Structure formats: structure tokens, C-alpha cells
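A.B. asks: Below are the sequence and a predicted model for it; my questions follow.
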Amino acid sequence: MSISHGGNDLRSQGDICMALDLITSLKYCARERDLERGSKIHKEITESKLHRNNLYVANTLISMYGKCGATEKAQQVFDDLAVRNAVSWNALMAGYAQNGHSQQALQCYEQMSQEGFTADAFTLVCVLKACGNSGALEKGRKVHDYIVHEKLPKDVFVVGALVEMYAHCGEFQKAQEVFDDLPFQTVITWTALITGYLQHGHFKEAFCCFKRMLSKSLLPDFVTLACILKACGHIGALNEGQEIHAFIVREQITGKDVLVSNALVDMYARFGALQKAQGLFNDLPSLDIVSWNILITGYAQHAYGNEALYCFEKMQEMGYFPDAVTFMCILKACGSISAIEKGQKVHVQVLKEGLLDKHASVANALLDMYIKCGALEKAKVFLCGLQKQDAVSWNSLLSGYAQKGQGREALECFSHMQAAGFSPDAVTYACILSACGSIRALDKGREIHSQLLKGQILRNHVVAAYALVDMYAKCGELENAQEVFEELPVRNLVVWTSLLAGFAENKQGDEAFSCFERLQLEGFSPDAYTFACTLKACSNVGAAEKGQIVHTAIAKQGLLEKDKVIGITLLDMYASCGMILEAHNVFDKLPARDVVTWSVLMVGYVQLGKVEVVLTLFDRMIREGMKPDTVTLTIVLNMCSRRGLLSRGQTYFENMSKGFGIMPSVKHQNCMVDLFGRAGHFEKAMTMISSSTPLNSITWLTLLSACRKSDNAKLGAWVFETASQIV
């Protein structure tokens, strides 16, 4: 018995059986992505020389390596073939296409055509997939022209690949034309259109396609379901996602396909329904690294760092090895909870796996972790030690310094970045301008402004222009800030608020309020920070009427009940303007009060000389279980001193450390020196001074003033002489 193929004969029954066994084993390895076992089988094949005598075996070997991601091995086997056929080319091309090596796949197609092989449906699907993945639109069009010119039969997979290619290249109109030209649509072609929309972030359009498909009485397959669940997660369509989940349960699809199961976990994780996501994850009959990555990502994105770390440790206990995606997710989790020790352990793992040189994204995630943990010097050392640096990593470090208010370090980092040969981009400039604003480095800010004008960045990147407005505003250069602002092609609420805050800080209340009115005329709705800045402006110039207008706007948005800062700022505005009844009314309506709120109201009454009210408020605060801070105690001790309330003041002072756990500061001790001096208790005042460390000039001036008021010339002379020697 003999089987002839490609000029080679298998003449023995034993060879046929061996070949069939090897082909079956290779297909199993390909399906399970078992490269190690596949490589051992390759060795057996090489020893038996079957790959040279039998193209079936050789082609299956190429396919196995391609599906296991070992495209170099696949190419070696292909190159060793004495005779090739279209299946050989297809196997190699599919391996490249499936592993994202689109250019190599396209080169295979060109060489295959040059050698006279005719492309079949499988070839066309592979090459169109490669065109779509690499954005090679012109090559994709040529393949389309070839299909039309050769009048090839309309294969559903080829048409689906055409639709997907055009959609992936962003040519949605052409994709729709090809789609609409079909005599009938299938799940495959619908899914091709849906995946194209998804790849470009058009999640709503993808969801509309899915609804249209269902209206045609077509049931989705596993790929369609996975795609549409992804769309639901991205657009926040929880109800629709739950309906699809119910369909999956009804059709008993749950657990049958890992792609769908993972997509379900991912969707709920994106919604923040992490308990639901965890439950689905726990019920999965089989897990893979993607399943773990999805769950860890969900926890990390919603700032559940400890839960993410638990999953990370659990997956390794169960024998799953983290990949680059896992490391990026867990480093984000470490950063979110400032778990620097855990992050450093992950750093060691990354080094052992040799991932830093292979994946810039992992290196950037490590850098970001150190920055989020506040370890900026460690971040700097790490970045400088990287063999491969990029602008993204430098921008991250710059941003870290700027956000921490370390402007000088940010400027130094900027110099190092340029010395390392990296050109600043819009993000770099935005970060460095933020740093300039934080330390009032006006000259450096102007230098950056000049660079921006030369590079035309201001016209093309509003983020840099917004940062420039903010820098000038923080440096008090409001004319320059206004000039840059007025030239902006597009404005948002952030840049409006930056300008407004600049006016507020520099006590230009009318200009600040003008900004507040203009931004609303342009259709922007103020947020809590905008309101707070406007109220501060009103407070600084005593513009109570304008403050009341702002109060009305705040009430309409219901922010007083939602935002604590707004409540405090509004309270302070009324108190600063002397409208203490309105301030007290705001205070009473606040859903929650803290020590700052109480202190602001007390200061309002202090300004009006309402000592008894201040002390009554303090006592009420204590009764309501609120612990005072150093500021509150300074206020009440000052009030006791002004009114000569010796006994009450002593009680408050003694309770500082005993009852409230606060060690008296020089300010508190000065209040007591003043209280004792006003009451004529100079011995107690001197005892307080002798126990006070350190002393300041105010201490001696306070006692000297008390001596003058009580005509205690002898002690006054001694205080003056002593103070002259010490202060």
C-alpha cells in the first residue's frame, strides 16, 4: 500500500500510522498551546525524517509552532522544506497573522504569489487580517480588487475578513458597503463589523450593530457575545449587559467558552460590581492567565489594592505565572494603596523574569508605582538606571514632582530629560509649567513660554496652553494669564477656573466674579472647585451680595449637602463679610461638621467680638463629641484672655493634654501668659515662661504689655532687659 503526496511515497503501513499519530499529537499541542511537548514531537519527526518525506506532517508542524507563538521555529521548518504547497504558505502566514506579525504575513503573501501559488479562501482571510491589524489599507484594497477581478465565489469568511479589514482601518463606510452588498448576512459578518467598531472605540455603534443583528433573528456566537460584553463595559450599559448575561445563562453558555466567561467577569469589573465579578470568577470551570488579569485589573482600577494583591498571590499559589499585563495591574494596585514594600517585591520578580527590557509598559508601571507611593528619589534612580527610557517615563516623573509640590526637583528632572536626548512634548511642558507655578518660578515659566511659541505647540495642544494660563495666574501675572487665555481656540472649565483662582488669590474680586459669569454664559456649569474659588474672591473683598448669588447657584446644584469644602468656604465667606446669622444658618444646614467647620464659625464671632458665643460654641462642640484641634484651642484661649476669664482659660489649657491629647504650643502658652498678665498673676506668668520651650519674641512682648497695663515697672524693666539678651 502506498500514499503519494508531492512526489513522495509512503510505502509502509508503519510510516502511515506514525505520521497520523504525530499529526494528531501536533494538533493537540497546537490546541493546548503546549510548545514544550510540540518541540519534543518535532525532535521525533526530525529523527525519523518524516517532515522531509511528508508534507502533511511538515505543514502540521508549521501550524503548531505558529499557534504556540513560536513563529521563528515555524519559519525554520518552512525554510527546510524541499517542496512546499499552498497549505505550507497558509500555515506560515496564519502563524504570523495570529501573533500580530502583520508585516511578515504580508511578505509571505507576496512571496507566495511570486512563486505561482493561487490564494484560496484561507489565504485571503489571513492576509486581510494582517492588513487590518497593521492598518495596511492600500494593500487590503488590492486584495479586495483581486477578489473582485478573479470573480471568486463569495465565501462568508472572506467577506467577513474584508468587512473587518475595512473597519479596523477606520473605513467604516466601505466596511458597511461590503457588508450591505452581501446577499445575506451571517453572524460572522456581523461580528466582523462589531469588532471593527470596538477596535476604534466606537462602543455605541458596536452595540447598535448587535441590536440590528438580533432584529434579523440571528443568534450571536461566542465571539460576538465576548465583543458585545466588552462594549457594554466600556459604555456603562449595565442593564443591557445584564440582559446579555441572562441570555448566556438561558442558553447554558456559561462555562462553555473561556472567552465569554472572561468577558462577563471583565464587564462586571468595569462597572465596579466586583463582588459579582468575583462570584463569576469563582464559578469558572477553568481559569487562564487572562481570567486572573481581568479580576486583578478590576480591583486595581477601583482602588481595591489589597484585594488585587490577594489575587496576585493566590494565582501564583495555584501555579499561574504572571505575565506583563499582570505585573502592570498589580503595580497599579500597589501604587493605589502606597504599598511600596509589596511593590518592591514585585520589582524583584520583574527583574527575575527579564521583563524590563522587553516591555516598556512594565517599566513605566514600576516607575508610576514608586511615584504614587511618594518615593520620588527611588523613582528617579530607577528611571536613570533603565537601558530603554522614553518620554512617557520622564513625563511621569516630572508629573510626580509637580503634583507633590516639589517644583525645584521637577525643574532639575526637566534638565536631565533634555540632557538624555528626549525632546519635551505637550505633556512635558504642561508638567513643567505646573512646577513653575507651584514655586512661583516666573522667569523659568517665561522661558518655557518662549519655547512653546517657537514650536507652535500652543496652537496644536491646548493642554500646554491651559498649563501656561495656570502658571501665570499662580505667579500673580494676571495680565499675561488673561492674554494667553483670550487667545485660546478652545476653553474648558479647568482653564476658566485657573484664571478665576488667580484673580481670587490676588484679591481681584470683580475680575474673578466676571470670570464666574462669563464661563456660565459660554455654557459651562461650575463645579465645586470653581464655586470655592469664587466664594474666596467674594470673601477677600467683602462682596457679600455676589457671594449670595453664588450661594443660590450652589443650592441649585445641591452641592452644599455633597461637598464639605463648599460648606466651609460658604460659611467663611459669610463670616468674613460680617453676615454672621447667614453663616450660622449655613452651619446649621451642613449634613456633617468637622473641627474646621466649628473653627470657621467661631472666627466669625471673634471678628464681631462675641466672646460668650465663641465659648458657648466651643462647649457645644465638645458636648457633641468633636475633638478640638490646636487652632480651635488658640481661638478659645485668646477669648478667655481678652475677657479675663482666668479660671475658664486655665481649665481649657489643662484639658489640652489631659482631655484632648494635644501638647500646648508656643501660641497656646503665649495666650496663657497674656491671660495671667492681664489678671495680675505675674508669678503664674513667669512660671509658664520658665516651663515654655522654645520661647519667641511674642512671649516677651506679651508679658511686657501686661506689665505696662498694670504699672508693674520693676518686672517690666526686668522683662525688657532679659528679652533684649535672649531675643
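C.D. replies: Structure's in. What do you need? Numbering: from 1, shown residues only.
A.B. asks: check contacts around Thr569.
C.D. replies: Phe531, Ala532, Leu535, Lys536, Ser539 (CB atoms under 8 Å, 6 or more residues apart in numbering). Quick note: C-beta positions are derived from backbone N, CA and C, even for glycine.
A.B. asks: can you tell me which of those are in strands?
C.D. replies: Assigned to strands by DSSP state E, none of the contacts of Thr569 qualify.
A.B. asks: Reformat the residues you listed as TSV; add neighbour count.
C.D. replies: Below are the contacts of Thr569 laid out as TSV (neighbours: other CB atoms under 10 Å):
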residue	neighbour count
Phe531	24
Ala532	25
Leu535	29
Lys536	22
Ser539	22
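A.B. asks: and which of those residues is nearest Val392?
C.D. replies: Ala532 (32.8 Å; CB to CB).
A.B. asks: Surely the closest one is in contact with Leu571?
C.D. replies: No: using CB atoms under 8 Å, Ala532 makes no contact with Leu571, being 11.7 Å away.
A.B. asks: For Ile662, see how far away the residue lying closest to Val636 once chain neighbours are set aside is.
C.D. replies: Once flanking residues are discounted, Val636 sits nearest to Phe618: 4.8 Å by CB to CB, 6 or more residues apart in numbering. Separation of Phe618 from Ile662 (CB to CB, to the nearest Å): 14 Å.
A.B. asks: Mind listing the shared neighbours of the two?
C.D. replies: Pro628.
A.B. asks: Between these two, which is the more surrounded one?
C.D. replies: Phe618 (21 against 17; other CB atoms under 10 Å).
A.B. asks: Report the rounded mean pLDDT for stretch 34-44.
C.D. replies: What stretch 34-44 shows for mean pLDDT is 88.
A.B. asks: Which other helices and strands does the helix ranked longest in the chain contact?
C.D. replies: Longest helix in the chain by number of residues, with DSSP state H as the criterion: helix 13-32. Contact here means 3 or more CB pairs under 8 Å, 6 or more residues apart in numbering; DSSP states H and E; on that basis helix 13-32 packs against helix 35-48, helix 50-53, helix 55-67.
A.B. asks: So which of those has the densest surroundings on average?
C.D. replies: helix 55-67 (a mean of 25; mean count of other CB atoms under 10 Å).
A.B. asks: how far does it sit from the chain's center?
C.D. replies: 43 Å (CA atoms, centre = their mean, to the nearest Å).
A.B. asks: So which bits of the helix or strand following that helix are buried?
C.D. replies: Heading C-terminal from helix 55-67, the first helix or strand you meet, by DSSP states H and E, is helix 71-80. Within helix 71-80, the residues scored as buried using 16 or more other CB atoms under 10 Å are Thr71, Lys73, Ala74, Gln75, Val77, Phe78.
A.B. asks: elements contacting helix 71-80?
C.D. replies: Where contact means 3+ CB pairs under 8 Å, 6+ apart, helix 71-80 is packed against helix 35-48, helix 50-53, helix 55-67, helix 86-98.
A.B. asks: can we see that at 7 Å?
C.D. replies: Helix 71-80 sits against helix 55-67, helix 86-98, with contacts defined as 3 or more CB pairs under 7 Å, 6 or more residues apart in numbering; DSSP states H and E.
A.B. asks: Reformat these into a markdown table and put mean pLDDT and distance to Val427 next to each item.
C.D. replies: Shown next, in a markdown table, are the helices and strands packed on helix 71-80 (pLDDT from 0 to 100; distance: least, CB to CB, whole Å):
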| stretch | mean pLDDT | distance to Val427 |
| --- | --- | --- |
| helix 55-67 | 90 | 39 |
| helix 86-98 | 92 | 34 |
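A.B. asks: Would you reformat the ones you listed as a markdown table and include distance to Ala391?
C.D. replies: Compiled in a markdown table, the helices and strands packed on helix 71-80 are given as follows (distance: least, CB to CB, whole Å):
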| stretch | distance to Ala391 |
| --- | --- |
| helix 55-67 | 35 |
| helix 86-98 | 30 |
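A.B. asks: For Gln403, which of those helices is the nearest?
C.D. replies: helix 86-98 (41.8 Å).
A.B. asks: Dump the next helix or strand along the chain from the closest one to PDB, restricted to CA.
C.D. replies: Sequence order places helix 102-114 as the next helix or strand after helix 86-98, per DSSP H and E. Backbone C-alpha positions of helix 102-114 (Å, rounded to 0.1, in the frame of the first residue of the first chain) are rendered in PDB as follows:
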ATOM      1  CA  SER A 102       1.400  41.500  10.200                       C
ATOM      2  CA  GLN A 103       4.300  42.700   8.000                       C
ATOM      3  CA  GLN A 104       5.800  39.200   7.900                       C
ATOM      4  CA  ALA A 105       2.400  37.800   7.000                       C
ATOM      5  CA  LEU A 106       2.100  40.200   4.100                       C
ATOM      6  CA  GLN A 107       5.600  39.400   2.900                       C
ATOM      7  CA  CYS A 108       4.600  35.700   2.900                       C
ATOM      8  CA  TYR A 109       1.600  36.500   0.700                       C
ATOM      9  CA  GLU A 110       3.700  38.400  -1.800                       C
ATOM     10  CA  GLN A 111       6.400  35.700  -2.000                       C
ATOM     11  CA  MET A 112       3.600  33.000  -2.300                       C
ATOM     12  CA  SER A 113       2.100  34.900  -5.300                       C
ATOM     13  CA  GLN A 114       5.500  35.300  -6.900                       C
END
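A.B. asks: Other residues contacting helix 102-114?
C.D. replies: Outside helix 102-114, the residues that touch it by CB atoms under 7 Å, 6 or more residues apart in numbering are 89, 92-93, 96-97, 123, 126-127, 130, 133-134, 136, 139.
A.B. asks: Nearest to Asp155 among the residues you listed?
C.D. replies: Ranked by distance to Asp155 (CB to CB), those are led by Thr123 at 11.2 Å.
A.B. asks: That closest one contacts Ser88, correct?
C.D. replies: No: using CB atoms under 7 Å, Thr123 is not in contact with Ser88; the gap is 11.4 Å.
A.B. asks: can you list the contacts of helix 102-114 in CSV and add neighbour count and distance to Ile41?
C.D. replies: Formatted as CSV, the contacts of helix 102-114 follow (neighbours: other CB atoms under 10 Å; distance: CB to CB, whole Å):
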residue, neighbour count, distance to Ile41
Trp89, 25, 22
Leu92, 29, 18
Met93, 29, 22
Tyr96, 23, 22
Ala97, 27, 24
Thr123, 23, 26
Cys126, 26, 24
Val127, 30, 29
Ala130, 29, 28
Asn133, 20, 30
Ser134, 19, 32
Ala136, 21, 35
Lys139, 19, 35
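A.B. asks: Among those residues, find me the one that's closest to Asn638.
C.D. replies: Out of those, the member with the shortest distance to Asn638 (by CB to CB) is Asn133, at 72.0 Å.
A.B. asks: give me the element that closest one is part of.
C.D. replies: Asn133 belongs to helix 121-134, assigned by DSSP H and E.
A.B. asks: and the following helix or strand past that helix with helix 121-134, angle?
C.D. replies: Per DSSP H and E, the first helix or strand lying C-terminal to helix 121-134 is helix 137-149. Orientation check (axes from the mean of the first three to the mean of the last three CA atoms, to 10 degrees): helix 137-149 against helix 121-134 gives 160 degrees.
A.B. asks: number of nearby residues for Ala555?
C.D. replies: 13.
A.B. asks: Phi, psi for it please.
C.D. replies: Reported as degrees, to the nearest 10, the phi and psi values for Ala555 are phi -60, psi -40.
A.B. asks: Could you check how far it is from Ala504?
C.D. replies: 21 Å.
A.B. asks: List the residues that contact Gly160.
C.D. replies: Counting by CB under 7 Å, 6+ apart, Gly160 has contacts Ile188, Thr189, Ala192.
A.B. asks: quick one: which of the residues you listed is most hemmed in?
C.D. replies: Of the contacts of Gly160, with other CB under 10 Å as the count, Ala192 tops at 31 neighbours.
A.B. asks: Fine by me, we can end here.
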